[in-house]
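S.K.: next come a sequence and a model predicted from it.
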Amino acid sequence: MAPPDKEPTIKLLLIGPSNSGKTALLLRYVDDIFDTDSATATIGVDFRVKKLSVGGKPHRLLLFDTAGQERFRTLTSSYYRNAQGCILVYDVSNRESFLSMDHWFGECAKYAEPGIVMYLVGSKIDKAGARTVTAEEGKALADRHGAGFVEASSKTRENVRTPFIDVVNKIIETPELMDPKLTKKRRDTAINIGQDQDDTAGAACVC
């Protein structure tokens, strides 16, 4: 087995509004625990490491659970750097939580690396009687942003592993996301395109 510092590393972010179920999803996936007493808002950023084998090859999965509160937004934006995947989480029993997701997709587009793998999760499906968002609405939103989609329950374990497995597999299948040199090239290309667009906009303004 490769030493830890030689194992391929994958960085994933969990983002979304406060109390959407991000921390519960992370704890169920990494530690297989569900503790309602610990269901408090994340302060800043929580961090977990999980070892996993993909195709018989060991990988290190770095998982960042970011705070959903507005006052931590500047703190968490720096954690987007070098992230290869982003799992966006909303609460199916909270309509406002779902309606905020366009904003969170915008955050990801603004701060994350070009080509980052995005995946939308509708959490807390165990609260069936309190559901205010349909699965069809969640899937339509994910499709609109080019993201994967699943509904899950950290309480019952239903579909908890799905978003992590799907995102990791997609990242590994994308050489540009696994090779630091290709990642830098992709980032520099995106910056140059952005500068060209700014120059074009400026020229149009002057004319």
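M.R.: Good, I have the coordinates.
S.K.: so residue 142 touches residue 135, yeah?
M.R.: No - Residue 142 lies out of contact with residue 135 (CB atoms under 8 Å); the separation is 10.5 Å. In this view, the C-beta of every residue, glycine as well, is placed from N, C-alpha and C.
S.K.: between the two, who's got more neighbours?
M.R.: residue 142 (21 against 14; other CB atoms under 10 Å).
S.K.: show me what contacts the more buried one?
M.R.: 119, 120, 148, 149 (CB atoms under 8 Å, 6 or more residues apart in numbering).
S.K.: shouldn't it be within a strand?
M.R.: No - going by DSSP: H, G, I helix; E, B strand; the rest coil, the assignment for residue 142 is helix, not a strand.
S.K.: report pLDDT for it.
M.R.: Note on residue 142: pLDDT of 98.
S.K.: how far away is it from residue 126?
M.R.: Distance, residue 142 to residue 126, using CB to CB, to the nearest Å: 21 Å.
S.K.: check residue 26 too.
M.R.: 17 Å.
S.K.: neighbours of the residue nearest to residue 172 when sequence neighbours are not counted, how many?
M.R.: Closest residue in space to residue 172, ignoring its immediate chain neighbours: residue 54 at 5.7 Å, by CB to CB, 6 or more residues apart in numbering. Applying other CB under 10 Å, we find 15 residues neighbouring residue 54.
S.K.: would you agree residue 54 is in contact with residue 168?
M.R.: Yes - counting by CB under 8 Å, residue 54 touches residue 168, with 6.5 Å between them.
S.K.: circling back to that earlier point, now, the contacts of residue 142 that are in strands?
M.R.: Mapping these onto strands (DSSP state E) picks out 119, 120, 148, 149.
S.K.: out of those, which end up buried?
M.R.: 119, 120, 148, 149 (16 or more other CB atoms under 10 Å).
S.K.: so what's the residue nearest to residue 172 up against?
M.R.: Counting by CB under 8 Å, 6+ apart, residue 54 has contacts 168, 169, 172.
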